[in-house]
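S.K.: Turn this into a model:
(2 chains)
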Amino acid sequence: MLILASNLQAARSQMAFTLGFHIILASLGVALPALMLIANYRGLRHDDGAALKLAQRWSKAVAVTFAVGAVTGTVLSFEFGLLWPAFTGRFGDVFGILFAIEGVCFFLEAIFIAIYIFGWNYLAPWTHFWTGVPVVITGLGGAFSVVGVNSWMNQPQGYSPTTGKVTSVEPLKVIFNPAVPYEVPHMILAAYLVTGFLVASIYAVGMLRGRRDRIHRLGLLIPLTVACIATPIQFAVGDTAARSIAKDQPIKFAAMECVETTQTDVTEYLGGRCTPNGVKGGIGIPGLDSFLVGWSTSTQVTGLDSVPSADRPPADTMLHWAFDTMVGICTLLIGLALWLGIGWLRKRDVPQSRWFLRATAVSGVASVLALECGWIVTEVGRQPWIVYNVMHTSDAVTHAGGIWVTFAVVLALYVVLGAALIITLRAMSQHWRTSDEQDVDVPYGPEPPPPSGLVTEAPG
Amino acid sequence: MSKADAVAAVLWISATMYAVFGGADFGAGLWSLVAGIGRRGRRARDLIDWAIGPVWEANHVWLIFALVVLWTGFSPAFEAVFSTLFVPLSLAALGIVLRGSGFAFHHTARRTRGQALAARVFGLASVLTPFFMGTVVGAVAGGRVPVGNASGNHISSWLNPLSLVIGALFVSTGAYLSAVFLVSDARRAGAPDLERYFGTRALGSALVTGALAVVGLIALHKDARYVFDRLVGDGLPLVIVSLVCGSVVLVLLHRGIQRGARLLAAGAVTAVIWAWGVAQYPYLLPQKLTLAGAAAPSATLTSVLIVFGVAVVVVFPSLGLLYMLVQRNLVQETTSRPDPHLTDYDGVTAARRPQPD
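M.R.: Okay, here's the model as predicted:
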């Protein structure tokens, strides 16, 4: 029993870490191709050489991040068996079909990334542009499938019986489960938002260092515009999601908001520490939590005390803070979006002030932080369930030993992997800056001719 | 043929693709590792680098697809295999991560000093993954994986003569496939000395593979009688096909004929994999779990088949388009570069269609 408890902790840590790492790359894989195509479109439509150059650079960044994302994604598929065999053993035949769809999307995405990169040399400009479109569509399809699985874990349906071996499955009910309408758009918008701010922040740093050429201005403007459009929509979608969670997964919501007892007129707390006797510290706004849930302060909000303590999520203070941090960052980013919007309306240009550039430079890291916080809310908030109200995470974990070892190895490997990725992307960027040529080799790229050194000892 | 059988066929097709395409890549990593530091070793490594450089990891996809089909179509088998065989599968995954990273950074690492280390890691990982995948297959064939969450022995299930021989067999098969492929690559690169170099290695690895196969059969006879009996029963025609294909390849290489060598080598591997499938049928875990017993509910199986059908319809034409471009690239690389249209922006003259490379 002791071994299993320790297994659970190790398995959850490893899963959290590998997913938290992959989610950044996955977001880039979903949204960076779209930025690349926007630049490509602009370049062709307005005969804009700088935009075309950006499109080509971004396509190379897409190739590198996608290749690393393929690695971290493969690890996740192994973890379904290595960490959670009983979960996959019991429900793999229910949610698995979504992953089969994802597999096809992933394959197509890889193929069209390769075609697009080849196409720079060998396709007519507009044909080339259109070969990039499937990359964007399959990225969305893949995101739908994977987040669909997570939605199903939050709102399981479409199978029977609910206890024991599953004997009947309704795939459409699984695929379109009740959490899909808010979870999938929330994640896709998050991907666009994070990618947009992340890319914009890189060019903002460049501009702060005095590189204010057209490449940098456009490299900041395109992603920032996309992100600034996505942010307010994300706020509204997130708000809807929170209300749906209050209804569908009331205990997760109670933990997010530190609601101890079921009651009306619930105070909304910003920050603070969750205790069995209510929130200590923090800023309280009386009645607001009830109002946000049901548009009236007399709305009843389900509290944690409605379920036995064993069925409540752990670390509710952390959950509460994660939720507040995510919402807080999104609010600040809306401020940045307004700044850009007003600046644009007044001068038809990106605001050039150092403070605007500094804010943009920070927005990348901030949006990644918000992304991670959101993932913590949805995953930790579902605990102790792996399938909400159906299967405990502790019943899903492997009985094999040695997870602490694999976790340690994964930790070390991913640190190296992350560092190598950042070093590589930086080296690419430096290369672009110093030599105006485009001779950066990337995965999926065209095959170079055989090394001339090989052609010796020719047949006589 | 039942629906479960059809899904099992999909699983086997994915596994075959992985074995043929992945196997050759793994083998190339092995040859790179043992090529040595002399002038010829360096030239061999250069060829390998060039030959596998552009091969993007389609293998990942076949492997992931096989895993997904296994857990969707036959989830109890997936649970049993991945829990009991936690150790070898973790090590195989480690190899995949290292190799995948090698692919991701291969091109960019070309210019950096860490390249030698990266090459060594890549080579080691190329041995690690097929070897441990082989021990997994040995454990399954040997009936050492019972149903349930880690119900089998965590160590002896895969650390036994049968598993070890099959692990070694996987490594040598990859080496053989890859050597055959590299002979063609050497010809394409115009390096006849390397053609001979890899021709010798193809022959050597073929002999080793043959010897290991015989040892494997003995181990199977002793350890996994059910599978052995079926292998030399219903599976025999496929075993013979594999033997014939493998031998013809050697004759072709010996006579310097390229045509068909790759295809026949791949055929030899494919025949063995399907012989194994026939030998296990109708079991997924021999004498412990049948296909029908592990199969998902009917609607799930139908969905898997639909998704596979869609995959065949959309993925293969896309792959075809990609290969067409690759071929065109090869043609143009050797003639001339396309003519860029030039235009001005920001006072800088640049290619309107920026040129990679």
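S.K.: just the helices in chain B please.
M.R.: B:3-17, B:23-34, B:39-52, B:58-73, B:75-84, B:86-109, B:115-141, B:161-188, B:192-223, B:225-231, B:236-254, B:261-280, B:291-294, B:298-334 (DSSP state H).
S.K.: Give me the neighbour count for A:Leu82.
M.R.: When neighbours are defined as other CB atoms under 10 Å in any protein chain shown, A:Leu82 has 24 of them. All C-beta atoms are positioned from the backbone trio N, CA, C, and that covers glycine.
S.K.: Let me know the distance separating it from chain B.
M.R.: 6 Å (CB to the nearest CB, to the nearest Å).
S.K.: A:Ala86 against A:Val397, yeah?
M.R.: Yes. Using CB atoms under 8 Å, A:Ala86 is in contact with A:Val397, at 7.2 Å.
S.K.: who has more neighbours, those two?
M.R.: Between A:Ala86 and A:Val397, A:Val397 has the larger neighbour count (other CB under 10 Å), namely 26 against 20.
S.K.: can you tell me which residues contact that one?
M.R.: A:Leu4, A:Asn7, A:Leu8, A:Ala11, A:Leu83, A:Trp84, A:Ala86 (CB atoms under 8 Å, 6 or more residues apart in numbering or on different chains).
S.K.: Which SSE is immediately downstream of the host helix or strand of A:Ala114?
M.R.: For A:Ala114, the element it lies in under DSSP states H and E is helix A:85-122. For helix A:85-122, the following helix or strand on the C-terminal side (DSSP H and E) is helix A:125-154.
S.K.: for the stretch 251-357 of chain B, what are the low-confidence residue spans?
M.R.: Along the stretch 251-357 of chain B, segments meeting pLDDT under 70 span B:327-357.
S.K.: how does it look with 50?
M.R.: B:333-357 (pLDDT under 50).
S.K.: tell me the phi and psi of A:Glu268?
M.R.: phi -90, psi 120 (degrees, to the nearest 10).
S.K.: now could you export just the CA positions of stretch B:200-211 as PDB?
M.R.: C-alpha atoms of stretch B:200-211 as PDB (Å, rounded to 0.1, in the frame of the first residue of the first chain):
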ATOM      1  CA  THR B 200      30.000  -6.700 -46.900                       C
ATOM      2  CA  ARG B 201      28.100  -5.600 -43.800                       C
ATOM      3  CA  ALA B 202      24.700  -6.600 -45.300                       C
ATOM      4  CA  LEU B 203      26.100 -10.000 -45.900                       C
ATOM      5  CA  GLY B 204      27.600 -10.200 -42.400                       C
ATOM      6  CA  SER B 205      24.400  -9.000 -40.600                       C
ATOM      7  CA  ALA B 206      22.300 -11.300 -42.800                       C
ATOM      8  CA  LEU B 207      24.400 -14.300 -41.500                       C
ATOM      9  CA  VAL B 208      24.200 -13.100 -37.900                       C
ATOM     10  CA  THR B 209      20.400 -12.500 -38.300                       C
ATOM     11  CA  GLY B 210      20.100 -16.000 -39.700                       C
ATOM     12  CA  ALA B 211      22.000 -17.500 -36.800                       C
END
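S.K.: List the buried residues in that stretch.
M.R.: Neighbour-count burial for stretch B:200-211, with 16 or more other CB atoms under 10 Å in any protein chain shown as criterion, is recorded at B:Arg201, B:Ala202, B:Leu203, B:Ser205, B:Ala206, B:Val208, B:Thr209, B:Gly210.
S.K.: what's the answer for stretch A:277-291, then?
M.R.: Neighbour counts over stretch A:277-291 (16+ other CB under 10 Å) mark A:Val279, A:Gly282, A:Gly284, A:Gly287, A:Leu288, A:Asp289, A:Ser290, A:Phe291 as buried.
S.K.: Might you report the residue contacts of A:Leu32?
M.R.: Taking CB under 8 Å, 6+ apart, we find A:Leu32 in contact with A:Trp58, A:Ala61, A:Val62, A:Thr65, A:Thr195, A:Val199.
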